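Student: any chance you can model this:
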Amino acid sequence: MKKWGFLILLVLCFGIAYKNVPLSQDNVEIKTYDKKENVETSENTQKIEIKKEQIYEGNLLLVNSDYPVQPQSIKTDVVNLFTHNELINGFVVLNNDIYLSKKIAKEFADMVAAAEKDGVNHFAITSGFRDLSDQQALFQDMGPGIALPPGHSEHNLGLSLDVGSTQMKMAEAPEGEWIENHAWKYGFILRYPENKKDITGIQYEPWHIRYVGLPHSAIMKEKNFVLEEYLDYLKEEKAISANVNGKRYDISYYPVTESTNIHIPVNSHYKISGNNMDGVIVTVWTDQEAKT
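Tutor: Below is the predicted model:
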């Protein structure tokens with residue numbers, strides 16, 4: 001489908017009325033639009049059924065003291081990195097008992113390779129996935145002031161990891177500064193940044209990163225959102241679009257009770273992620289470049 005045809009289709013399906021948002025990041029543009037509650041079907045859309053269990057699956061799950069990890073939320077491709085040397089590219093692991101999702105390990109390696117081109121190349125993974133028994137032991141050893149109870153830590157998902165520098169503390173290391181400025185380009189966010197403790201409930205942790213994927217990491221960086229703020233923003237706006245590096249993404253929030261039907265333009269790609277609360281976020285894009 002031609003570029004303009006795709007945009008017209010979205011207008012017909014969603015009733016778009018754009019308002020621009022000021023930009024600060026290069027190559028990132030965010031717009032919001034009004035989405036009709038009743039989307040008319042057409043031969044140019046496909047119907048997708050979203051089931052209630054999908055609320056607890058995906059890369060945008062909120063896990064904190066209020067929303068625990070569900071069994072279906074845990075990544076299924078978690079492995080011991082020490083026994084998978086092919087996944088350890090450009091970084092070291094602290095010990096032989098660090099687990100992580102294969103996909104997240106590969107994404108991290110891609111990010112580390114980009115950092116190396118900037119002369120930043122002393123990364124180490126100090127902690128990755130923890131099962132509930134590991135989290136319980138940590139909670140007992142460290143106490144509630146340092147560790148979260150089992151089921152309430154992002155480390156129990158398989159999407160988060162603690163990253164260190166082999167040279168110095170992350171708060172002072174080039175690796176920490178690089179992550180804070182560039183990790184968003186590779187789908188990662190600094191989960192517990194400075195001046196956000198009143199929202200996250202967690203003090204500044206320059207070592208704890210979380211994978212959410214593009215374009216979400218770009219939007220969060222652009223708007224200085226932590227995950228809690230981003231999910232609230234999507235729920236309030238209902239639908240936004242983001243142009244990231246020339247590619248357009250349309251992102252919509254849908255509340256889910258039992259099951260929900262949505263309509264996606266044909267010849268497009270989409271991903272669905274739950275928020276671990278009450279609904280899902282649907283991200284749609286095509287292989288065509290965005291028009292600005």
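
Student: which residues in the stretch 1-150 of the chain form strands?
Tutor: For the stretch 1-150 of the chain, the strands defined by DSSP state E, counting those that start in this stretch cover 19-20, 28-32, 45-51, 78-80, 91-93, 99-101, 123-127.

Student: what about the third one, distance to the chain center?
Tutor: To tie it back to what came earlier, the one meant is strand 45-51. Centroid displacement of strand 45-51 relative to its chain, using Cα atoms, centre = their mean, to the nearest Å, is 22 Å.

Student: tell me which residues in that strand are buried?
Tutor: Neighbour counts using 16 or more other Cβ atoms under 10 Å place T45, I50 of strand 45-51 among the buried residues. All C-beta atoms are positioned from the backbone trio N, CA, C, and that covers glycine.

Student: same question for stretch 152-170.
Tutor: By neighbour count on 16+ other Cβ under 10 Å, the buried set for stretch 152-170 is 152-165, 170.

Student: now do stretch 121-133
Tutor: Buried positions in stretch 121-133, judged by neighbour count with 16+ other Cβ under 10 Å: N121, H122, F123, A124, I125, T126, S127, G128, F129, R130.

Student: give me the contact list for it.
Tutor: With contact meaning Cβ atoms under 8 Å, 6 or more residues apart in numbering, stretch 121-133 is reached by 75, 78, 81, 90-94, 98-101, 108, 112, 115, 138, 150-151, 153, 155-158, 160-167, 173-175, 207.

Student: ok, the buried residues of stretch 152-170 vs M142, which is closest?
Tutor: M142 lies nearest to S153 out of these, by Cβ to Cβ, at 11.3 Å.

Student: pick out the residue nearest the middle of the protein.
Tutor: Central residue of the chain (Cα atoms, centre = their mean): V212, 1.1 Å from the mean position.

Student: any idea how far G145 is from that one?
Tutor: As judged by Cβ to Cβ, to the nearest Å, V212 and G145 stand 27 Å apart.

Student: before we move on, the earlier item: with distance to T32 and pLDDT as added columns, please give the buried residues of stretch 121-133 in CSV.
Tutor: Formatted as CSV, the buried residues of stretch 121-133 follow (distance: Cβ to Cβ, whole Å; pLDDT from 0 to 100):
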residue, distance to T32, pLDDT
N121, 39, 95
H122, 41, 96
F123, 36, 98
A124, 40, 97
I125, 37, 97
T126, 39, 96
S127, 37, 95
G128, 36, 95
F129, 35, 95
R130, 37, 92
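
Student: which one of the residues you listed is nearest to S259?
Tutor: Minimum distance to S259 across those is 30.4 Å, recorded for F129 (Cβ to Cβ).

Student: how far away is that closest one from Y192?
Tutor: Between F129 and Y192 the computed distance is 18 Å (Cβ to Cβ).

Student: again with H122
Tutor: For H122, the distance to Y192 equals 22 Å [Cβ to Cβ].

Student: run through the bridge partners of the residue lying closest to I55 once chain neighbours are set aside.
Tutor: Excluding the flanking residues, the one nearest I55 by Cβ to Cβ, 6 or more residues apart in numbering is G274, at 3.9 Å. When bridges are called by DSSP bridges, G274 pairs up with V280.

Student: tell me, how many residues neighbour G274?
Tutor: 25 (other Cβ atoms under 10 Å).

Student: helices along the stretch 51-200 of the chain, start to end?
Tutor: Ranges of helices within the stretch 51-200 of the chain are 102-117, 132-142, 174-182, 197-200, based on DSSP state H, counting those that start in this stretch.

Student: and those helices, which one is worst for confidence?
Tutor: Ranked by mean pLDDT, the helices of the stretch 51-200 of the chain bottom out at helix 132-142, with a mean of 87.

Student: buried stuff in it?
Tutor: D134, Q135, L138, F139.

Student: now do the contacts for Y186.
Tutor: E107, D110, M111, A114, L214, S217 are the contacts of Y186 under Cβ under 8 Å, 6+ apart.

Student: low-confidence ranges, the stretch 151-292 of the chain, go.
Tutor: Applying pLDDT under 70 to the stretch 151-292 of the chain flags the ranges 288-292.

Student: can you say which of the strands of the stretch 1-150 of the chain is nearest to A239?
Tutor: Of the strands of the stretch 1-150 of the chain, nearest to A239 by Cβ to Cβ is strand 28-32, at 7.1 Å.

Student: measure K117 to Q70 for me?
Tutor: Per Cβ to Cβ, K117 is found 39 Å from Q70.

Student: sorry, slip of the keys, the one I care about is H155.
Tutor: 15 Å.

Student: cool, and F139?
Tutor: Taking Cβ to Cβ as the measure, F139 falls 19 Å from Q70.
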